[in-house]
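> Here is my input, please return the structure:
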Amino acid sequence: MDTILKAVPLEHYRIDILTSSGVEGVFDVKPYLKGTAFKQLEEKSYFDLVRPAHHGIMWPNEQDFSSDTIIWDIQNTQQKHALDRE
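Got it, this is the predicted structure:
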């Protein structure tokens, strides 16, 4: 399983990601904010506390995403953008 090496918070609930296998891109957290477990992430100052942890990313109150979810989301988004350009 990939390890997240870089997790830099961006505007609009997005995170700049780099993984140990070289996957690089932007992970959009916004679609996940509908769940009650992630409600606290809507607060910008709290969202900015994201950090790499274990095999994913994590916030102080243990909200987390696995590297599998993050990589799938990044690759899916990149594929959609590539198709849109064709």
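
> For the residue nearest the centre of the chain, give me phi and psi.
The chain has Phe27 as the residue nearest its centroid, 3.7 Å off, counting by Cα atoms, centre = their mean. Torsion angles at Phe27 (phi, psi; degrees, to the nearest 10) stand at phi -100, psi 120.

> And Lys34, by the same measure?
Torsion angles, degrees, to the nearest 10, at Lys34: phi -70, psi -30.

> Now do the same contact list for Asp48.
By Cβ atoms under 8 Å, 6 or more residues apart in numbering, the contact set of Asp48 is Pro9. For glycine as for every other residue, the C-beta is placed from the backbone atoms N, C-alpha and C.

> ok, now with 10 Å
Residues near Asp48 by Cβ atoms under 10 Å, 6 or more residues apart in numbering: 8-10, 15, 41, 59.

> for Met1, same thing?
By Cβ under 10 Å, 6+ apart, Met1 lies in contact with 19-21, 54-56, 66-68, 71.

> redo that, cut-off 8 Å
55, 66-68.

> Narrow the contacts of Asp48 to just the buried residues.
Burial by neighbour count, 16 or more other Cβ atoms under 10 Å: within these this picks out 9, 15, 41, 59.

> Quick check: chain neighbours aside, which residue is closest to the first one?
Leaving aside its sequence neighbours, Pro9 sits nearest to Asp48 (Cβ to Cβ, 6 or more residues apart in numbering; 4.6 Å).

> If you rank every helix and strand of this structure by mean pLDDT, what lands last?
For the chain, using mean pLDDT, DSSP states H and E, the weakest element among its helices and strands is helix 67-85, scoring a mean of 87.
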